[in-house]
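Asker: Next come a sequence and a model predicted from it.
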Amino acid sequence: MNIAFIGFGKVAFYLSKLIDGENINIITSAENRSDNTVELINKSDVEVYDTFKEAVEISDITVSLNSPSSALKVAHKYKDYCSGIYLDLNNISPETSIKISQLYDNFVDGAIIGKIDSLNPILYLAGEKAGDLLFLNDFLKVNIISNNIGDASKLKLLRSTYTKSLSALLIECTNLARKYCLDEEFFDILSLTEGDDFKEKSLSRINNTLNASKRKKDELEEIISYFDDDLIMVKAAHEKLSRL
Ligand SMILES: NC(=O)c1ccc[n+]([C@@H]2O[C@H](COP(=O)([O-])OP(=O)(O)OC[C@H]3O[C@@H](n4cnc5c(N)ncnc54)[C@H](OP(=O)(O)O)[C@@H]3O)[C@@H](O)[C@H]2O)c1
């Protein structure tokens, strides 16, 4: 079975290591790609075609793993070459998932939950054809949510609603505790109820947020616009990240 990856960045690199079956051939292309991507491809044991079109054409499954902003454009570009399943794993909105599903007969809406380099990420899938990808369970945990395109993307947004708002709150509380020179004690007392690894996890969450505050702020904007609900906490988190 051939599986084509459109885009070969961090996620594709780790996924290609995980999906390592005897009868599975991961293929991609370095067409117009950066040195970073070429380096990742060279470090992997994947088959490389001159163009993405060729790779898609001979594949049973095409996986789109490039970027949220290019996902729709990429879907348009390869729609006439994909006769198998088209799985989108970009962090796109449910609306974009639905738009892409209209281009393909066999579209599956997917979301990777958990760190891709942790070796135990979970793949959430939605769509009528999701069952055809259950064989991936041999390589990583696969959960089928429903037949409704957009549900996997929606679940990912819901998760971000919590994690990104929490990160903004953690930044605020930690800075306050530091101001009063009580940060060690602050983490100690919270660890009593939140678990021994609370400090380590919180500091990692804070660092990740500070290092990618613009992207996280943009994602919160997408959440606010998509859910169109009375999201007071999310809006506050968005304001907090805007001021960093
Ligand atoms: N990182 C995560 O933990 C994570 C988790 C879940 C989902 N995702 C989603 O997975 C996708 C990939 O993430 P990543 O972290 O692997 O990103 P990344 O490291 O930036 O890799 C993106 C890859 O896509 C390529 N690409 C960009 N535009 C393309 C196009 N038009 N045609 C073909 N290839 C193209 C890039 O090539 P160049 O190097 O030439 O630009 C690069 O190889 C994103 O949509 C992200 O939202 C990421």
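Answerer: Received it, and whenever you're ready, just let me know what you need.
Asker: just checking, residue 167 touches residue 203?
Answerer: No: here residue 167 does not reach residue 203: they are 11.1 Å apart, not a contact under CB atoms under 8 Å. Just so you know, the C-beta spots here come from the backbone N, C-alpha and C atoms, and that holds for glycine as well.
Asker: ok, the two, which is more surrounded?
Answerer: For the pair residue 167 and residue 203, the greater number of neighbours falls to residue 167 (23 against 13), based on other CB atoms under 10 Å.
Asker: element containing that one?
Answerer: If you go by DSSP states H and E, residue 167 is part of helix 151-179.
Asker: quick one: the helix or strand following that helix to helix 151-179, angle?
Answerer: Going down the chain from helix 151-179, the next helix or strand is helix 183-194, by DSSP H and E. Orientation check (axes from the mean of the first three to the mean of the last three CA atoms, to 10 degrees): helix 183-194 against helix 151-179 gives 140 degrees.
Asker: Now do helix 183-194: everything it contacts.
Answerer: For helix 183-194, the surrounding residues in contact (CB atoms under 8 Å, 6 or more residues apart in numbering) are 173-174, 177, 198-199, 202.
Asker: Make a markdown table out of those and add pLDDT.
Answerer: As requested, the contacts of helix 183-194 are exported to a markdown table (pLDDT from 0 to 100):
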| residue | pLDDT |
| --- | --- |
| 173 | 98 |
| 174 | 98 |
| 177 | 98 |
| 198 | 97 |
| 199 | 97 |
| 202 | 97 |
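Asker: from the residues you listed, which would you call buried?
Answerer: 174, 177, 198-199, 202 (16 or more other CB atoms under 10 Å).
Asker: quick one: which of those is nearest the ligand?
Answerer: residue 202 (19.3 Å; CB to the nearest ligand atom).
Asker: how close does the closest one sit to residue 163?
Answerer: As judged by CB to CB, to the nearest Å, residue 202 and residue 163 stand 12 Å apart.
Asker: Point out where this structure drops to low pLDDT.
Answerer: Applying pLDDT under 70 to the chain picks out residues 119.
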